[in-house]
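1. predicted model and sequence below, questions to follow.
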Amino acid sequence: MTPRVQKRLAVGAALTVVALFAGANLHLLTVALQSQPECREAADLIPAKRAC
């Protein structure tokens, strides 16, 4: 394997890891907001419940 191919594989693997990490965080945020919709902030207001 040439160094050029190794570099492309390394860059591709790094981009894949970053994409998976971002996707997982987006999923967690989506699930959190769907599970407690009353805790969303609206126009500089404090959370609806103290536990939020």
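-> Structure received.
2. what is the mean pLDDT for stretch 22-34?
-> In this model, stretch 22-34 has an average pLDDT of 91.
3. in it, what's buried?
-> Neighbour-count burial for stretch 22-34 flags no residue at all (criterion: 16 or more other Cβ atoms under 10 Å). (Each C-beta comes from the backbone N, C-alpha and C, glycine too.)
4. then it to CSV, C-alphas only?
-> Taking Å, rounded to 0.1, in the frame of the first residue of the first chain, the C-alpha atoms of stretch 22-34 are listed here in CSV:
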residue,chain,number,x,y,z
ALA,A,22,-22.1,14.2,15.1
GLY,A,23,-25.0,11.9,14.2
ALA,A,24,-25.0,10.3,17.7
ASN,A,25,-25.1,13.7,19.3
LEU,A,26,-27.9,14.9,17.0
HIS,A,27,-29.8,11.8,17.9
LEU,A,28,-29.4,12.3,21.6
LEU,A,29,-30.6,15.9,21.3
THR,A,30,-33.6,14.9,19.3
VAL,A,31,-34.6,12.2,21.7
ALA,A,32,-34.1,14.5,24.7
LEU,A,33,-36.3,17.2,23.2
GLN,A,34,-39.0,14.8,22.2
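5. residue ranges for the strands of the protein, please.
-> Applying DSSP state E to the chain gives no strands.
6. mind listing the helices for the chain?
-> Per DSSP state H, the chain carries helices over the ranges 3-35.
7. from residue 4, how far off is residue 25?
-> 32 Å (Cβ to Cβ, to the nearest Å).
8. typo on my end, it should be residue 34
-> Taken as Cβ to Cβ, the span from residue 34 to residue 4 is 45 Å.
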